[in-house]
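Trainee: give the three-dimensional model of this entry:
(2 chains)
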There are 2 protein chains.
Amino acid sequence: MIDFSGTYTDQYQLTMGQVYFKKGEAEEAAVFDYFFRKLPFKGGFAVFAGLETLLDVLEDFRFSEEDLNFLKTQNFDAEYLQYLKEFRFRGKIYSVKEGDLVFPGAPVVRVEANIIEAQIVETILLNLLNFQTLIATKATRMYIQAKGRKLIDFGLRRAQGLGGYHASRAAMIGGFEGTSNTRAGRDFGFQVSGTMAHSFIQSYEDELQAFRDFAESHPKNTILLVDTYNTLKSGIPNAITVGKEMESRGQKLKGIRLDSGDLAYLARRSRKMLDDAGLDYVKISASNQLDEHLIKSLLDQEAPIDIFGIGTSLVTGKPDAALDGVYKLSFFRDKPRIKLSETIAKVTLPHKKQVYRLLDHEGNFLGADVVCLHGEENPEMMFHPYDPLKFRKVADVPKEQLLQPVLENGKRINEKRSIQEISAFSKERLAKLPTEFKRFFNPHLYKVGISRDLRDERDRLIDEHKKEYL
Amino acid sequence: MIDFSGTYTDQYQLTMGQVYFKKGEAEEAAVFDYFFRKLPFKGGFAVFAGLETLLDVLEDFRFSEEDLNFLKTQNFDAEYLQYLKEFRFRGKIYSVKEGDLVFPGAPVVRVEANIIEAQIVETILLNLLNFQTLIATKATRMYIQAKGRKLIDFGLRRAQGLGGYHASRAAMIGGFEGTSNTRAGRDFGFQVSGTMAHSFIQSYEDELQAFRDFAESHPKNTILLVDTYNTLKSGIPNAITVGKEMESRGQKLKGIRLDSGDLAYLARRSRKMLDDAGLDYVKISASNQLDEHLIKSLLDQEAPIDIFGIGTSLVTGKPDAALDGVYKLSFFRDKPRIKLSETIAKVTLPHKKQVYRLLDHEGNFLGADVVCLHGEENPEMMFHPYDPLKFRKVADVPKEQLLQPVLENGKRINEKRSIQEISAFSKERLAKLPTEFKRFFNPHLYKVGISRDLRDERDRLIDEHKKEYL
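Mentor: Predicted structure coming up:
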């Protein structure tokens, strides 16, 4: 059993916290930004996910008895441990809406809290948001390629341990319609599917009897796995027999599943055999190491597949494995903060910030977000973050504010959104993104610029720090 | 909060279970094998991990009230749900010892249970063993390259959500000495480390004061992060100042940490500066996107790094993301079972089986395992699983049995082993593996053969099935 109590963190959050505590600075206000630097999967967008999970955790975050007993063994001061005993997250959070499209370099979440609170929740924030955003993005890539065919998550057995739980959640946000993961279905309220494995067929002397028994036990949900022995000589003929028997009982065979071999060829041959037998309503589902590239390839070949079952590549976000999201201090003790780096691209943006998305006159996305200071009502210019030759006037371009308050004094401001709501919202946003950003190969580059005031503030702080080493 | 109650499974396990239940076959005995087909990371071995976690889960496996309420909404029969309410795992499990080296094609775990029990636990078994084995293998690859330097897991923030929990456990089995993950430290009893982030330095007007405050608060555990502004011009000089101040108080600066830039160059320059200041006892730790390839490269360059902090690539098993472990029926209703496939390499091995490891006369590994029928005392010959030209006499070769009973009637037979014990055992086994199998590039191929009796049985069953389609 694992929960999200206080020790679900990197220990340095707690050691730093002790320093602040002992200096009497536990209540000093800090601002941190969550953002990422690189789009996964060589794609043109990312789908932000994990926010509601994070808010659930933060509303209830505390150190358990077990946590505190362990920390006693770790050389922490007794007074500080007493402080942790009473610890709650009472900060304020601004965030992009879960399910929205997000892009490198623009803050996705802004945390305003006392420095100890803001640090202690860093690890769990990164852990939850990085992973779910990775998987929701992967799922959306599959959703785009599947062009309306149904997608089902089959990944739990190959997921990274308990990571499979939130992988299924993120898959739904990305456009999957169901999962094999019963637990995720139970907790997140979406459709769970599951029929039979090869072992079920093997457990019988013959395939036909296995199909018959299954159809009898689950007449409303019969999807027959047809490739255990020989798809076209045995599996499909037996499925047709059972389909006809079901018809005579006033029932309907729901589908067949292909799980090996040349899926395009087998789907086409199976479709013809089913149709010739009058079973044109029987769906064909396919699985076996699929990803968005194979979905595209199968549909380019016009394979008559209605349902794709996807496992490993979905739930592990293959081949990227992790989103590179980071959490950086931007304001503390009434002063803006930056982190320098050897490359200007990695210097962080100081101050409390807001993000505007540029729109066209129909409300679709123009292809650029502008990061500005919190409080800038309508940034007039947008500058490339570090290429001085690139800028654009944006005063008259319609915009929308992306960062909205979601948590205040540690409590949600709005009601918790359901997965269905978040998923539907994500599809709305995806529809507003011009098609060239959704292209499979070499998608168009979505721009993230900064306002004049933000640029000037950043450059002023760089100069201040540079002087120290001249 | 997530636990391992009954719905932590793929739904098809439950739908198949209902068919068996309704046919009155709930108590029919089945045997399943867990094995994998491909070594991860182009390596020469895998390190088996996750067993004690699995046994914990199985000893306590049941359907909660919440599970049963959800399943009521899923069209299951009331009588079957009543059966699930009383469901316990009461089977027997044979397993390779956790921490041992394992190879493709040989059973790692054998589950003997009634068919419903054996199916319902399939998903969780695969989920836990596939992931921990992947990560323990990755960690061991790093352990080999680190040649005695200390390895610390920094991965939680980039882990696949809750997967980070068992990733840290598996890292320890592979040879890591510590983790930043406080929760994993609490629950698995290993060393947790954590000092400071860049944000801590940024939160001060100057770096020196940040270092001083930290040293004062954590005099026994001061590792200073030196790259926030400028490693050689600011970070190291300030660390030396604080190190000297600590000396004057009778304390010792423990280390410095490099987290960006050219780690080999910076480590060498930092070492010289520290040594020149009389701080030769101060350790150098390095982090920033490290993996086994970079550890090797840094040590090939003789970079004076004492401690490596490793994140993403460790906890996500980059670039492989998943071990391809499977769980296949081999015996049911008193008959051996196989699963056919279009390629002989994927045809499964029937019957209850045992695995013998071949040894040389010093007790080191010869480089081959033989899979045979359970009960074969001393297989005389070893055959390549499908190349008839490859075989070898092994009657006189010393052997050891790898599959040993670990669970009976759903209860552990032996005491639970600690991570420290498992990790030490794993190192013993690694020492017995000849060096050519541990080579970084193109390691020697460890052989997995089958006994004559097993081969004959498999071929007989293939013939039986083939006849049906002639």
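
Trainee: please name the residues that touch A:Ala303.
Mentor: A:263-264, A:267-268, A:286 (C-beta atoms under 8 Å, 6 or more residues apart in numbering or on different chains). Every residue, glycine included, has its C-beta placed from N, CA and C.

Trainee: most widely separated two among these?
Mentor: Of all pairs drawn from the contacts of A:Ala303, the one with the longest distance (C-beta to C-beta) is A:Arg268 and A:Ala286, at 11.5 Å.

Trainee: which of these two has more neighbours?
Mentor: A:Ala286 (27 against 17; other C-beta atoms under 10 Å in any protein chain shown).

Trainee: domain assignment for chain A?
Mentor: Domain assignment for chain A by automatic domain parsing gives A:19-55+A:88-128+A:327-467, A:136-315.

Trainee: adding distance to B:Ile124 and mean pLDDT, write the ones you listed out as TSV.
Mentor: Converted to TSV, those look like this (distance: least, C-beta to C-beta, whole Å; pLDDT from 0 to 100):
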stretch	distance to B:Ile124	mean pLDDT
domain A:19-55+A:88-128+A:327-467	22	95
domain A:136-315	9	96
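
Trainee: for the stretch 301-450 of chain A, what lies in contact range of chain B?
Mentor: Residues of the stretch 301-450 of chain A lying close to chain B (C-beta under 8 Å from any C-beta of the partner chain) are A:312, A:316-319, A:321-322, A:324, A:328-329, A:332-333, A:337-342.

Trainee: the strand or helix carrying A:Phe214 - contacts with which helices or strands?
Mentor: A:Phe214 is located in helix A:207-217, with elements delineated by DSSP states H and E. Under the contact criterion of 3 or more C-beta pairs under 8 Å, 6 or more residues apart in numbering or on different chains; DSSP states H and E, helix A:207-217 touches helix A:198-202, strand A:223-225, helix A:236-248, helix B:11-22.

Trainee: which SSE is immediately downstream of the longest one?
Mentor: So that's helix A:236-248. The helix or strand immediately downstream of helix A:236-248 is strand A:255-258, counting by DSSP H and E.

Trainee: other SSEs contacting that next one?
Mentor: Taking 3+ C-beta pairs under 8 Å, 6+ apart as the contact cut, strand A:255-258 packs with strand A:223-225, helix A:263-276, strand A:283-286.

Trainee: residues contacting it, please?
Mentor: Residues outside strand A:255-258 that contact it (C-beta under 8 Å, 6+ apart): A:195, A:222-227, A:231, A:235-236, A:239, A:266-267, A:270, A:274, A:282-288, A:306-307, A:309.

Trainee: for stretch A:267-281, same thing?
Mentor: Residues from elsewhere that reach stretch A:267-281 (C-beta under 8 Å, 6+ apart): A:226, A:231-232, A:236-237, A:239-240, A:243-244, A:252-253, A:256, A:258, A:282, A:284, A:286, A:298, A:303-305.

Trainee: among those residues, which ones are buried?
Mentor: With neighbours counted by 16 or more other C-beta atoms under 10 Å in any protein chain shown, the contacts of stretch A:267-281 contain buried members at A:226, A:231, A:236-237, A:239-240, A:243, A:253, A:256, A:258, A:282, A:284, A:286, A:298, A:303-305.

Trainee: residue of the stretch 1-150 of chain A with the smallest distance to chain B?
Mentor: Using C-beta to the nearest C-beta, the single residue of the stretch 1-150 of chain A nearest to chain B is A:Gln11, 2.8 Å away.

Trainee: I figured that residue hits B:Thr182, correct?
Mentor: Yes. At 4.8 Å, A:Gln11 counts as touching B:Thr182 under the criterion of C-beta atoms under 8 Å.

Trainee: show me the common contact partners of those two, please.
Mentor: Common neighbours of A:Gln11 and B:Thr182 (criterion: C-beta under 8 Å, 6+ apart): B:192, B:194.

Trainee: is the longest helix anywhere in chain A up against chain B anywhere?
Mentor: As assigned by DSSP state H, the longest helix anywhere in chain A is helix A:122-146. Yes. Counting by C-beta under 8 Å from any C-beta, chain B is contacted by helix A:122-146 at A:122-123, A:126-128, A:130-132.

Trainee: picking that back up, neighbours around the residue of the stretch 1-150 of chain A closest to chain B, how many?
Mentor: A:Gln11: 26 neighbours (other C-beta under 10 Å).

Trainee: cool, the one 4 residues further on as well?
Mentor: For A:Thr15, the number of neighbouring residues by other C-beta under 10 Å comes to 26.

Trainee: need the contact list for it.
Mentor: B:194-196, B:214, B:217-218, B:221.

Trainee: go with 10 Å
Mentor: Listed by C-beta atoms under 10 Å, 6 or more residues apart in numbering or on different chains, the contact set of A:Thr15 reads A:74-76, A:80, A:119, B:193-197, B:200, B:214, B:217-218, B:221-223.

Trainee: brilliant, that's me finished.
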